[in-house]
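*Asks:* Sequence and predicted model, in that order:
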Amino acid sequence: MSLFKAREWWSAVLGEGEEFDQGCLCIGDVDNSGTGLDKVVVGSYIGMLRIFSPHVSKSGEGGSADANLLEVQLQNAIIQVEVGKFVSCSELLHLAVLHPRKLSVYSVSGTAGNVEHGSQYQLKLVYQHNLQRTACNMTYGTFGGVTGHHSLCIQSMDGMLMFFEQDSYSFGRFLPGFLLPGPLVYNPRTDSFLTVSSARQLESYKYETLAVATEAESRQDPDLPVKTGGKRLMPDWVFVLGEQALDLSVPSFSHSSSSIFILGERNLYCVRDNGQMRFMKKLEFNPSCFMPYSTVTDGTTSMLLGNHTNMLLVYQDVTLKWVAQLSFVPVAIRVANFLELKGLVVSLSSDGHLLCSYMGTDPTFFSMPKVDAREADYEQMDAEMKKLQKIIREATRTQDILPKADSETDLIVTAAVSSSMDNPSRALIQDINGLPVPSVSVQVKVKASCVVQSSKLTVGVQPPLAVTQDQFVLDPMGVGSSTVVAFSAFLNGRYPPADLTGDITVSYSSPTGVPRVLQSRFSLPLALVCAPSSPAKTTKFKITVDTNQPPVDLKSIFPACSAKSEDKDGNSLAFQFLSGASVTVLASKTSQRYRIQSDSFEDMWLVVKELVQRFDQHFSKVGVKDFKKSFSGPLPLQEYFLCVDHHFQLRVNAQQYQDLLSERAVQFRAIQRRLLTRFKDKTPAPLQNLDTLLDATYSQVMALAEAAEENQVLLGEAFVRLQSATHLLVLLLSLWQGLTSDQTVILEATLLPLLQDTPQLGWEESCDAAVSHLLRSCLSRSPKDQATSLAQAGGPVLGLPRDTTRLKKHITLLCDRIGKGGRLTLASEANVQVPVQVQSLAAPGGVEPIAEVAADEEELELLQEATKFIKKKQPHKKVKKADPCQSTSPKQYNHSPASSLTVNPDQNPGTDTCPQPAHCCNLPIFSLLNIMLCLICYLYMPL
């Protein structure tokens, strides 16, 4: 809501049920009174033509009636009205009225009256042109540089420009590539016509180019050769807008002599006469009309701009100077000079509200009351300052990328998943491996708290899940109304999904016209992808989850599976996936452990996730607040790496298929060219088995294409299985180290940076880059390494790696550093201060890439050697206790060149054996890792 309102000077309501548009209003001294004062000419779509001379009535009554000079009902609808010198051999102004199939030029004359009723005005037809095509809009000017009179140009609905020079028809030209008409304006400085085509670009055509182009007797295909002697019509220059234009304007005042203004749906453009952009203003509202006018500041242009929120805005170039509130949405704006006041704003609405207004404010007589002065409470101010500083620190620590959503939303979306499966099932695949494929119904309720128009609802689920309908167009909703849509979800593939959650996205426009998007989630039941079965005793993969509470009856955790379970004690359950794999859950009778086992590693993910979630829900209902769950076993990295290798091999196969297809396609085209050359030759020549070679190449291309498609399907399945395995690894890591929810989110975003594979960017290179970034930043060995990595420039371009060795080493090192207490955080990058020495290396080429792989290999080898040394049985020989870190002389240690690290029992008891190779102790300063290993070896050294 604007603070100021447009001050009404004169207004009128034009008829009832009439419609108006931007071409139905023009300003000018149409009656040639000689005073230089403007008259307002308005035409409506029902054919009513009105001419007003606005003024303020002295008596205060009948203002609009006294100002109405002429009101005539014409036979046809009025599309546009213009005032200009349209009659030859006459310097007087005439009125041009454009009808759908007719162009009429009238003269308006007034006769002074002898009574108090005033002058009498008459409308006389001078000439008219019957149009062969339906008109859309028109423009006028001194075409071809002719002075003294104006010519007219009419654009038809099918893209033809018809030129009229007074009472004679000159010629017509079709615009190239025309689809829908756009705004049309004449630029007298360059003698050219400007329009916006359906390709959403501004095009300029010179009058001379139009005159010598092909005669437009009928529309021709632009690809066909020109049949007449003219030239093909081409624009002189083109400026791409990227959106549809609402209006064009070419102001004629001096300091904007080279400016062309274009009003788009979301932006305001200003270009020069040669098509170069001067400036652009992005609008935060839906504009309806605009008009540039002269300004008092040289070098700038002022503009009046109306929008659909009843606002009248005043811009000086791209700077907003004033905003005024109107009582309607303007469709046309003009600036006029009247007798009492100069520079009034004339605005017209689509339903006939005509208003002459000016900018101003009402004086206010309100004065602020005096407030009793009181002393400042410094303790309260200090407490408020601390509170604000705490809020600022919290805001800078979170580092939110996306803005937080408002607490009050225009729509409320709730999704309800049915507790039972559909009967009958709505799945496209009726059965998989002899098991019926079920489907479940989901109801989505959308409730509006305001008026919502043009809303759309989209449903998305993870493959291979599918829904019966994924897009809905919602009806307009009022305040408090609601809409309910329903659909069914089912399994549409022969492998389990990686996630059973679905996304609901609702896109709509707010009451102010701002596009918004609202998202919601729903969870599908586990029974949608699996069925109860008998437990399996022997499996390949096993996972054990520990808890701090007594064992729970699994039938109470999974009540839907208890009826079909063969175990009466409730210590075992089995889930048979529709894709063929079986997952068994076993509960220990004596300990607080649960084992999940299966022949497929990635298929255990959904069951482990469901088990952990149901444990949390069960113990929260019971009232246990200190429930904890953990994973103590070794991480199944080797099983996880099998999924990684399988996915990578399919990507390599896809690249090989692509290369072979390219080679065979080049060969196929080369054979085709040879055959065409033989067939075009006048003297027949033998084909030399080219036809056989063509058939064989075609067969190879088709076989490769089918193999590539099959490999693409397998690649999609492998990526889903890789997602499941990655989710399982992240869950086990979080249970192993007790990671927080924020750290789990960071780890999951690191190991799953992509939602789907693309030929340009795959999971391996994306995951390797993300893991390497964590190893160099928050999981780095020292703050110096972290600062050095932050000072480096960008890394190499991501591409398909040669193998997965580097990725496996990085993932292994990531798990190792997390296991050693590494902290996953994003705030550490912002809090690290880059030293001055490192800042000097930030220039390109100043910092060499850190050899992470070599360092990691050395660290792993040292850890393995240290582990061998710790676990190896040593002879019980008393050794003198001494701190090896305090003695730096190599004489105190007896170095052994052997790879195995042992203590020599025949050595002097007063001499220690250093567990490190000889070259480590020769260094002047030990590294931190070597010192720690020496301490570990010393502490575990048998006495």
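*Replies:* Noted; the coordinates are in hand.
*Asks:* Figure out the helix or strand that residue 808 lives in.
*Replies:* helix 805-819 (DSSP states H and E).
*Asks:* Now do the buried residues in that helix.
*Replies:* Buried residues in helix 805-819, counted by 16 or more other CB atoms under 10 Å: 806, 807, 808, 809, 810, 811, 813, 814, 815, 816, 817, 818. C-beta coordinates here come from the backbone N, C-alpha and C atoms, glycine included.
*Asks:* Next: stretch 39-50.
*Replies:* 39, 40, 41, 42, 43, 44, 47, 48, 49, 50.
*Asks:* Which of those residues sits closest to residue 430?
*Replies:* Nearest to residue 430 among these is residue 44, at 63.5 Å by CB to CB.
*Asks:* burial of the residue nearest to residue 819 when sequence neighbours are not counted, as a residue count?
*Replies:* In space, and not counting its chain neighbours, residue 819 is closest to residue 737: 6.6 Å by CB to CB, 6 or more residues apart in numbering. Counted with other CB atoms under 10 Å, the neighbours of residue 737 add up to 18.
*Asks:* wait, what's in contact with residue 752?
*Replies:* Residue 752 sits next to 723, 726, 727, 730, 763, 767 when contact means CB atoms under 8 Å, 6 or more residues apart in numbering.
*Asks:* Same check on residue 264?
*Replies:* So residue 264 contacts 241, 243, 244, 245, 246 (CB under 8 Å, 6+ apart).
*Asks:* now do 6 Å
*Replies:* Applying CB atoms under 6 Å, 6 or more residues apart in numbering to residue 264 gives the contacts 241, 243, 245.
*Asks:* what's the offset of stretch 67-82 from the middle of its chain?
*Replies:* 48 Å (CA atoms, centre = their mean, to the nearest Å).
*Asks:* Give me the residues contacting that stretch.
*Replies:* In contact with stretch 67-82 (CB under 6 Å, 6+ apart) are residues 23, 26, 41, 43, 45, 47-55, 96-99, 121, 123, 137-138, 140.
*Asks:* circling back to that earlier point, can you tell me which of the buried residues of stretch 39-50 are in strands?
*Replies:* Among the buried residues of stretch 39-50, the ones falling in strands (DSSP state E) are 39, 40, 41, 42, 43, 48, 49, 50.
*Asks:* The last one and residue 42 touch, don't they?
*Replies:* Just to be clear, that refers to residue 50. Yes: Residue 50 sits in contact with residue 42 when judged by CB atoms under 6 Å, with a separation of 4.8 Å.
*Asks:* Overlap of the contact sets of the two?
*Replies:* Common neighbours of residue 50 and residue 42 (CB under 6 Å, 6+ apart) do not exist.
*Asks:* Now stretch 486-503: buried residues?
*Replies:* In stretch 486-503, counting by 16+ other CB under 10 Å, buried: 487-493, 495-500, 502.
*Asks:* And those, which is closest to residue 743?
*Replies:* residue 499 (20.1 Å).
*Asks:* Can you classify that closest one as helix, strand or coil?
*Replies:* What DSSP: H, G, I helix; E, B strand; the rest coil gives for residue 499 is coil.
*Asks:* tally of neighbours for the closest residue to residue 441 other than its chain neighbours?
*Replies:* The shortest distance from residue 441 to any non-neighbouring residue, by CB to CB, 6+ apart, is to residue 418 (4.4 Å). Per other CB under 10 Å, the neighbour tally for residue 418 reads 15.
*Asks:* isn't residue 418 right next to residue 440, touching?
*Replies:* Yes: shown here, residue 418 and residue 440 form a contact pair, counting by CB under 6 Å, at 5.5 Å.
*Asks:* buried set for stretch 18-27?
*Replies:* 18, 20, 21, 22, 23, 24, 25, 26, 27.
*Asks:* I'd like the residues you listed written out as CSV, with secondary structure, pLDDT and distance to residue 476 added.
*Replies:* Formatted as CSV, these follow (DSSP: H, G, I helix; E, B strand; the rest coil; pLDDT from 0 to 100; distance: CB to CB, whole Å):
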residue, secondary structure, pLDDT, distance to residue 476
18, coil, 89, 26
20, coil, 93, 25
21, coil, 92, 24
22, helix, 89, 27
23, helix, 91, 30
24, helix, 93, 29
25, strand, 93, 31
26, strand, 94, 36
27, strand, 92, 38
